[in-house]
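>>> Next comes the sequence, and after it the predicted model I'd like to discuss.
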Amino acid sequence: MMHRRGLVLVLISMLALVFVVLVIGVRLGRAPDGSRPSAPFSAHVGSGGHRPGEPAAPGNTATTPVRTAAPQGEDGHGFSVRAQGPEALPTQAMTVAAPHSTAMLYSCACDHDRVIRADLPYPSGADIAGLQTHLATFGFDPGPVDGVYGPRTAAAVAAFQRSRGLEPDGVLGPRTWIALGKTAASPVAQGPVPPPPGRVEIVIDTVDRTLTILSDGKPYRQFPVAVGKPTTPSPQGQWKVVSKGAWSGGFGTRWMGLDVPWGKYGIHGTNKPWYIGDAVSGGCIRMFNHDVELIFEWVQIGTPVVICGNPFGPLRNPRRELGPGERGTDVLVAQRRLRMLGFDPGPENGMYEQPTIDAVKAFQESRGLRVTGVVTPDTYDSLGLYLFE
């Protein structure tokens, strides 16, 4: 009898142990809210191989799995997320980066394509005014060009969607934006163009708003572009291409990242072709999608890129006050001038951080100026950084 009781107790103990192990296993496999955690992704489409605002892993290449979002509808909802290798995404979501490239600290500042529908109150904005003008050019009447997405504009979008084999719901969502991005190109990209025979370099003029491909130092082909607006100018200087990406999304179909140290800037396509020729971006260089796809094949990691054209040089007009947290070409110029005058600003990276603050204070004290650590007009003048007409 005692022997039977012992066996029963052993069996009960074993069953209890199995139950505890199962419960712990299930809890470990689930998130606190009860859902299973998603697998981590090591790349983010359109961000140069890393999530915006996060460092990229050195040596990121096209063999890194990527996170992609496939739109299920034009309302912008119901996106599915999947991890895929480059063999499954030959032209949709691959990113190639220069080995050991420095991680960018800021995301590309260009605006994303918003989902727009004709719901009250009707959406409005400059992008809608540009859309209306563009639709009218192709024979789709949006009504008055008033920047308001009302029923007539929605009807014009529906007609455009129908012409492109899309669901004619009048909602301006991801698929329609992509279709709009395919509607324009410069005359260069509308026919077959052989690749440049010599060494490729790029020169971007922010005044003429052109991008010129050089072949062995001679102009080969020129394209119209959009550049940074006055509040977020394109970074002047000599740079090089450090990453390349191909996808379908809010930044057009191609991306070529530059090694600008104070932010994430690049040459990329656009789904808003009506902006080409204007100063509208967050600092990046935008091209027609057909154009950027053409030069994408010519440009390699390490290709030199010169951005120039501001008649006042690297300074803004009027010269802005430079202080903690600012970044840009003007900060870089101030850092270089400080170092030339014997004041160590730390890394010459275009970012106004503590070493630069300390160098400005030391310079101001040496010149009998008010010591603030901020570059104001009198400090600009003492540094010899003037605007010339």
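Thanks, I have it. Numbers count the residues shown, from 1 in each chain.
>>> Give me the buried stretch members for the longest strand along the chain, please.
In the chain, taking DSSP state E as the definition, the longest strand is strand 237-249. The neighbour-count check on strand 237-249 (16 or more other Cβ atoms under 10 Å) flags 237, 239, 241-249 as buried. C-beta: built from backbone N, CA, C; applies to glycine.
>>> How about stretch 329-343?
Buried residues in stretch 329-343 (16+ other Cβ under 10 Å): 329-335, 337-338, 343.
>>> and it, average pLDDT?
The average pLDDT within stretch 329-343 is 92.
>>> Give me the secondary structure label for the residue nearest to Asp146 when sequence neighbours are not counted.
Nearest non-adjacent residue to Asp146, counting by Cβ to Cβ, 6 or more residues apart in numbering: Ala129, 7.1 Å away. The local conformation at Ala129, judged by DSSP: H, G, I helix; E, B strand; the rest coil, is helix.
>>> Now do Ala129 against Ala136, distance only.
11 Å (Cβ to Cβ, to the nearest Å).
>>> So for these two, which residues contact both of them?
Residues touching both Ala129 and Ala136 (Cβ atoms under 8 Å, 6 or more residues apart in numbering): Val145.
>>> between the two, who's got more neighbours?
Between Ala129 and Ala136, counting by other Cβ atoms under 10 Å, Ala129 is the more crowded of the two (19 against 14).
>>> Surely that one is in contact with Gly147?
Yes - Ala129 lies in contact with Gly147 (Cβ atoms under 8 Å); the separation is 3.7 Å.
>>> Name the spans of the stretch 51-200 of the chain whose pLDDT lies under the cut-off.
51-110 (pLDDT under 70).
>>> do the stretch 251-389 of the chain as well
Using pLDDT under 70, the stretch 251-389 of the chain drops low at 311-312, 388-389.
>>> Helices of that one, residue ranges please.
All helices of the stretch 251-389 of the chain, identified by DSSP state H, counting those that start in this stretch, fall at 289-296, 329-340, 354-366, 377-383.
>>> which one of those helices lies closest to Asp259?
Checking those against Asp259 by Cβ to Cβ gives helix 329-340 as the closest, at 12.8 Å.
>>> Mind jotting down where the strands sit in the stretch 151-300 of the chain?
200-205, 210-215, 218-224, 227-228, 237-249, 252-258, 266-270, 279-281, 285-288 (DSSP state E, counting those that start in this stretch).
>>> Would you map out the domains in the chain?
Using automatic domain parsing, the domain parsing of the chain gives 187-308, 311-389.
>>> export these to TSV and tack on distance to Gly165?
Below are these laid out as TSV (distance: least, Cβ to Cβ, whole Å):
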stretch	distance to Gly165
domain 187-308	16
domain 311-389	44
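>>> from these, which stretch is densest packed?
Looking across the domains of the chain with neighbours counted as mean count of other Cβ atoms under 10 Å, the highest average goes to domain 187-308: a mean of 20.
>>> residue contacts, the residue nearest to Asp146?
Contacts of Ala129 by Cβ under 8 Å, 6+ apart are 145-147.
>>> Equivalent analysis for Val292, please.
252-254, 256, 267-269.
>>> Can you get me a residue count around Gly170?
Neighbour tally, Gly170, other Cβ under 10 Å: 21.
>>> and the gap between it and Val157?
5 Å.
>>> One more: Pro151?
For Pro151, the distance to Val157 - Cβ to Cβ - is 11 Å.
>>> Look at these two and report which has more neighbours.
Val157 (29 against 11).
>>> shouldn't that one be in contact with Gly173?
No - Val157 is beyond contact range of Gly173, at 9.9 Å (criterion: Cβ under 8 Å).
>>> one step back: okay, the helices of the stretch 251-389 of the chain in TSV with distance to Val203 next?
Formatted as TSV, the helices of the stretch 251-389 of the chain follow (distance: least, Cβ to Cβ, whole Å):
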stretch	distance to Val203
helix 289-296	12
helix 329-340	16
helix 354-366	29
helix 377-383	28
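>>> Mind checking those helices for the one nearest to Arg117?
helix 289-296 (23.9 Å).
>>> got the angle between that closest one and strand 218-224?
Relative orientation of helix 289-296 and strand 218-224, computed by axes from the mean of the first three to the mean of the last three Cα atoms, to 10 degrees: 160 degrees.
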